[in-house]
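Trainee: here's a sequence, model it:
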Amino acid sequence: MGKSWISYASWCFKQAKDSQLNNNEAALRSCFSPILISEVSPERFKLTKDEVQQVKSLILNLLQDKGDMKCFKDEQEGWKFWLDSQEQSNSDNPLTTLVLQLVNIIETVAAAPGAENCGGESLSVMLSSRLKICLLNANLGLRESDVISTLDDLVNIWWSLRRRRVSLFGHAAYGYIQYLSYSSTQLCQNQMPVSNDESLKQKTGSYTLRAILYILHILLNYGVELKDTLESALMVVPLLPWQEVTPQLFARISSHHEQVIRKHLEGLLIMLAKQSPCSIVYPTLVMLMLMKRGLQKSYIMC
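Mentor: Okay, the predicted model is just below:
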C-alpha cells in the first residue's frame, strides 16, 4: 500500500512539473487516471469561456460606471452582441483588444513558477500591478481609483485558474502524506518482516525523507493556492519525520514572503514542539547562536 501511495504521488508531481515546463496539456492526456481527468483537461491551462465572459462583463461594467459608454448608446445592440459573443478573434473592437490583453496577462501569470522562484514577490500583487497598468494605458480615461474593485474581481478569476494549474501538486502532497501515515503506522505496529529488517528500514527512511522534502517543496511554492488542501492534511500528517527538516522549517518561517505559508510552518513547528520538544529546542539554540555571531561580526566590522 505504501508503495502505491509513493508511486501515485511521484506521478502527480512529475506531471505537474512537466506541465509547468512544457505548458502542454496534450502530453498529459495520454497517461492519466480517470479520477484525475478534470486535472489534466485543457481548461487547466487557460481561462474557460465563462471566465472570459466574466472579464468582458467586468470591463463593460467598469466603463458604464465611469460613464464612458454614453458615446456608444446608439450601438447598445452591438455591445450586447460583443458581450454575448464567444469569439475572441475580432480585434477591431477596442474593448475586444483590451479583453484579449487582460486574458493574456491572467493566463501568463497563472503559468508562473512557484513562490520561491518569483523573486520574493507575491504573484497576486504582481498580477494586480500588470492589470492596472494595462487598464490605465487603454486610453479609456480610467484613473487608478476607478479600477480598484475591478482589479480585485480580475484577480479572483486568476486565482481560479491558478488553483487549477497547480492542482496536481495538491494531489501529489496528498499522496505523500498518505504514504507517511501508512509507513508510520507500519513502524509503530512493527509489522515489517524480520528478514532484511535493517535494509527495509533504511529504504523506508529514504522514502520517508523524500516524501517530506516533496511536501515541503509543495508547501513553500504552492501553499497559498493549495491552502484548503494542505491545511487539513498537515493537521494529521505524522510529525516524527519532520524532525529531519526542522532547520529548513525555521529558515523558511523567517524568510518566506507569504504569510499563509509562514502560518503553515508555524503550525507544524508548534505541533512538533508539543510532541518532541528536543527536536525544536536544539535547532532553536543553533539559530540563536548563529544570529548572535552574525550580530557580533557586524558590530566588529562597524
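Trainee: give me the buried positions along the host helix or strand of Val260.
Mentor: Using DSSP states H and E, the element containing Val260 is helix 259-275. Buried residues in helix 259-275, counted by 16 or more other CB atoms under 10 Å: Ile261, Arg262, His264, Leu265, Leu268, Leu269, Leu272, Ala273. Every residue, glycine included, has its C-beta placed from N, CA and C.
Trainee: in this structure, where is pLDDT below threshold?
Mentor: 22-43, 66-92, 186-205, 291, 294-302 (pLDDT under 70).
Trainee: this protein: helices as residue ranges?
Mentor: Ranges of helices within the chain are 2-22, 49-66, 76-84, 94-110, 123-136, 144-165, 167-188, 197-222, 227-236, 246-253, 259-275, 277-301, based on DSSP state H.
Trainee: quick one: buried residues of stretch 218-236?
Mentor: Buried-residue list, stretch 218-236, by 16+ other CB under 10 Å: 218-227, 229-230, 233-234.
Trainee: apologies, that question was intended for stretch 146-165.
Mentor: 146-147, 150-151, 154-155, 157-159, 161-165.
Trainee: other SSEs contacting the helix holding Val260?
Mentor: helix 197-222, helix 227-236, helix 246-253, helix 277-301 (3 or more CB pairs under 8 Å, 6 or more residues apart in numbering; DSSP states H and E).
Trainee: could you dump those helices to JSON lines with distance to Thr185?
Mentor: Conversion of these to JSON lines gives the following (distance: least, CB to CB, whole Å):
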{"stretch": "helix 197-222", "distance to Thr185": "12"}
{"stretch": "helix 227-236", "distance to Thr185": "12"}
{"stretch": "helix 246-253", "distance to Thr185": "22"}
{"stretch": "helix 277-301", "distance to Thr185": "20"}
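Trainee: minimum distance to Gly170: which of the ones you listed has it?
Mentor: Taking CB to CB, helix 227-236 is the member of those nearest to Gly170, at 4.2 Å.
Trainee: quick one: that closest one to chain centroid distance?
Mentor: 14 Å (CA atoms, centre = their mean, to the nearest Å).
Trainee: repeat that for stretch 99-106.
Mentor: That offset, for stretch 99-106, works out to 20 Å (CA atoms, centre = their mean).
Trainee: list the buried ones in it?
Mentor: Val99, Leu100, Gln101, Leu102, Val103, Ile105, Ile106.
Trainee: tell me how far the second one lies from Ser129.
Mentor: Using CB to CB, to the nearest Å, Leu100 is found at 19 Å from Ser129.
Trainee: adding distance to Ser122, write the buried residues of stretch 99-106 out as TSV.
Mentor: Output for the buried residues of stretch 99-106, formatted as TSV (distance: CB to CB, whole Å):
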residue	distance to Ser122
Val99	25
Leu100	25
Gln101	22
Leu102	19
Val103	21
Ile105	16
Ile106	15
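Trainee: I'd guessed Ile6 sits against Gly175; true?
Mentor: Yes: between Ile6 and Gly175 a contact is recorded at 7.3 Å, counting by CB atoms under 8 Å.
Trainee: find the nearest non-adjacent residue to Tyr174, please.
Mentor: Distance criterion CB to CB, 6 or more residues apart in numbering; nearest residue to Tyr174, sequence neighbours excluded, is Ala233 at 6.1 Å.
Trainee: ok, the one you found - contacts?
Mentor: Going by CB atoms under 8 Å, 6 or more residues apart in numbering, Ala233 touches Ala173, Tyr174, Ile177.
Trainee: out of those, grab the one that's most surrounded.
Mentor: Greatest neighbour count in those, by other CB atoms under 10 Å, goes to Ala173: 28 neighbours.
Trainee: what's the closest non-adjacent residue to it?
Mentor: Per CB to CB, 6+ apart, closest to Ala173 is Ile218, 4.6 Å.
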